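In: Quick one, fold the following:
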Amino acid sequence: MSYSLESAGRVARLRLALVFFAVLGLLAVTALLPVALPLLPMFAVLGLHGLGVASAFWRLRQGDCGSDALHFVELAADALLIAALVWLSGGYANPFISLLLAPLLLAATLLPQVFAWGMAVWVVALYSLLALWYQPLEVRAGADAMINLHLAGMWLSFVLIVLIVAAALVRLSASLRAHEQALGEARELALRDERLFLLGMQAASAAHDLATPLATLRLTLDDLAEEYAGDDELDAPLTRMRQQADRLRAALDRLASSGRSPEGAAVALDHWLHELFEHWRQTHPGTHASLVLTNGAAPAVLTRHWLVSALTTLLDNAAEVSATVALTVSWDAGWLRLRVTDRGPGLNAMPAKVDRWGVGLQLVRAQVQRSGGSLNLSAGEEGCGVVAELALPLEALT
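Out: Down below sits the predicted model:
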C-alpha cells in the first residue's frame, strides 16, 4: 500500500502531537510532582524526536509522500525515542510506557501486515529490554503518594492513547466509507458503460443493415420523381420523401464518421453553431427556429461528433412537440451553455412517442457527464414547454 500525501500528512501530524504531549507531560510532571527527572537528556531525546517529525514535514513539502518502508523506519524510530524517555524515567514501572502502543497503532492501521507485525515485534522487544535495564526514578514521596502518582500517570497515559486511537481510526473509517462509496459509483458507471456499449453495438449493426435498403429507397424515389415529373399531386410528397431519405443518409454518414474519428477540426464556436443550426433548420422546414448567441468573440472548439448528435437530439425532441424552437448559446472562460426551449405541452403532458428521457437522450446524458458537463430538463415559463439546458466545460471541446 502506497501512502498518499494526505495520509502521510495525517501521520506526521499525529507524530507531532505525540511529541507535543510528551513535552507538555514532562513540564507538568517537573512542575507539579515530587519527582527528580534527568531533564537535560530527556529534552535532548525530545529534540531528536522533533527533528525526525520536522524532516517528515519537509519531505511532504517537497511532494514526496514516502514509501511504506520509510514510514516503518520513522515509526520504529519514534518507538525507540519513547523507550529512551521511559529508560530515563523508571523503565517499565513508568506508566507512560504504554505510549509505545502509539507507533504500533499507526503501523497496524496504515501499513501492510508485514510492517505491522514487524512493529509489534520491535515494541515487545523494547518493552522487554526496559524491564531489565533502566534508570531508577527518584521520587520524594511516601508509599501512598507513589501509588497515587502511578495511578495518575496510568490515567494520563490512557487518555493520550485514546486520543491517538480516535484520531487514527476515526479518520481511517471515514476513508474506508469514502472508498466504498467510490467503488459503488465506479461499479454503477461500469454497468452503465456496458449497457451503452451494447446499445452502441446494436446501433452500429442497425445502421449497417439500413444502408443498403436506404440506398435502394433513394434510387426508387429518384426514378419515381423522374417518371412523375410535372405531376402536381405527387411532386410535393415525393420531394418530402427524398428529403427524409437524405436526412437518414446524413445520419448514417455521421454515425460512420464518428466511428472512424472521435473529433472534427477546430473551428470558431459561433461559425460552427450557425452552420449546424442552419443545416438542422433545413431538415425541419415547418418549424420556426431561432438561434441566439449572447456573447461576443467566440472561442475555437473541436466539432465533437457526440456534441453534434447531442444538440441535434435536443432540437429534434423540441421540434416533435412544438412548431417554435429556440436555441440560446452563451459561454465564458470555462463553460459553454446551450439552452433549447420549445412551446409544447410541457413535461407532464408529453406524447408517448417523444423520446424525452429515452435511448437517445440517455446516450447524450452519458457522454455529457463523461465530459464533466450536465444536462437538465425543466418546465418552461408558466409550465408551458420544456427547457433543456446543456452545460459543458470548454476544455472538453479543445
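In: From L189, how far out is the spatially most central residue of the chain?
Out: Centroid-nearest residue in the chain: A182, 7.9 Å away (criterion: Cα atoms, centre = their mean). Distance from A182 to L189, counting by Cβ to Cβ, to the nearest Å: 10 Å. Backbone N, C-alpha and C define where each C-beta goes, glycine included.
In: pLDDT of whichever strand or helix holds the residue nearest to the centre of the chain, averaged?
Out: Remark: A182 resides in helix 143-227, with elements defined by DSSP states H and E. Mean pLDDT, helix 143-227: 72.
In: Helix or strand: which one has A319?
Out: helix 305-321.
In: And the strands in the chain, which stretches?
Out: Per DSSP state E, the chain carries strands over the ranges 35-36, 138-139, 266-268, 288-293, 300-302, 324-331, 335-342, 374-379, 386-393.
In: re earlier: hey, what's the angle from the helix holding A319 to strand 288-293? Just curious.
Out: Helix 305-321 and strand 288-293 are oriented at 140 degrees to each other (axes from the mean of the first three to the mean of the last three Cα atoms, to 10 degrees).
In: for helix 305-321, the distance to its chain's centre please.
Out: Its chain's C-alpha centre and that of helix 305-321 lie 29 Å apart, by Cα atoms, centre = their mean, to the nearest Å.
In: That one vs strand 335-342, what angle?
Out: Interaxial angle of helix 305-321 relative to strand 335-342 (the same axes, to 10 degrees): 20 degrees.
In: so what does helix 305-321 touch, helix or strand wise?
Out: Secondary-structure packing of helix 305-321 (3 or more Cβ pairs under 8 Å, 6 or more residues apart in numbering; DSSP states H and E): helix 232-260, helix 269-282, strand 324-331, strand 335-342, helix 359-370, strand 386-393.
In: redo that, cut-off 6 Å
Out: Judged by 3 or more Cβ pairs under 6 Å, 6 or more residues apart in numbering; DSSP states H and E, the packing partners of helix 305-321 are strand 335-342, helix 359-370.
In: Please identify the deepest-packed of the ones you listed.
Out: Mean neighbours per residue, mean count of other Cβ atoms under 10 Å, is largest over the helices and strands packed on helix 305-321 for strand 335-342, with a mean of 20.
In: which other residues reach that strand?
Out: The contact list for strand 335-342 (Cβ atoms under 6 Å, 6 or more residues apart in numbering) reads 314, 318, 322, 325-330, 385-394.
In: just stretch 211-222 next, same as before
Out: With Cβ under 6 Å, 6+ apart, stretch 211-222 has contacts from M241, R242, A245, L248.
In: quick one: W133 and T287, what's the gap?
Out: Taking Cβ to Cβ, one finds W133 at 93 Å from T287.
In: ditto for F158
Out: Noted for F158: a distance of 77 Å to T287, by Cβ to Cβ.
In: which of the two has more neighbours?
Out: Neighbours per residue (other Cβ atoms under 10 Å) separate F158 from T287, with T287 holding more: 18 against 12.
In: which residues does that one contact?
Out: A319, A323, V325 are the contacts of T287 under Cβ under 6 Å, 6+ apart.
In: at 8 Å what do you get?
Out: R281, A319, S322, A323, T324, V325 (Cβ atoms under 8 Å, 6 or more residues apart in numbering).
In: Most neighbours of all these, which one?
Out: Using other Cβ under 10 Å as the neighbour criterion, V325 leads the contacts of T287 with 27 neighbours.
In: Quick check: beta-bridge partners of that one?
Out: A289, D342 (DSSP bridges).
In: isn't it right up against L314?
Out: No. Contact criterion Cβ atoms under 8 Å: V325 and L314 do not qualify, at 9.4 Å.
In: model confidence over stretch 54-74, on average?
Out: Summarised as a single mean, pLDDT over stretch 54-74 is 83.
In: same thing with stretch 85-102?
Out: Average pLDDT, stretch 85-102: 80.
In: Export only the CA atoms of that stretch, formatted as CSV.
Out: Output in CSV follows, covering the C-alpha atoms of stretch 85-102 (Å, rounded to 0.1, in the frame of the first residue of the first chain):
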residue,chain,number,x,y,z
LEU,A,85,12.4,8.6,27.6
VAL,A,86,11.0,5.7,29.6
TRP,A,87,14.5,4.3,30.2
LEU,A,88,15.5,7.7,31.7
SER,A,89,12.4,7.8,34.0
GLY,A,90,12.0,4.5,35.7
GLY,A,91,11.7,1.9,33.0
TYR,A,92,8.7,-0.5,32.8
ALA,A,93,7.4,0.8,36.1
ASN,A,94,6.8,4.2,34.4
PRO,A,95,3.0,4.3,33.5
PHE,A,96,3.8,6.2,30.3
ILE,A,97,5.4,3.1,28.8
SER,A,98,2.0,2.4,27.2
LEU,A,99,2.8,5.2,24.8
LEU,A,100,4.9,2.5,23.0
LEU,A,101,1.5,1.4,21.6
ALA,A,102,1.1,4.7,19.6
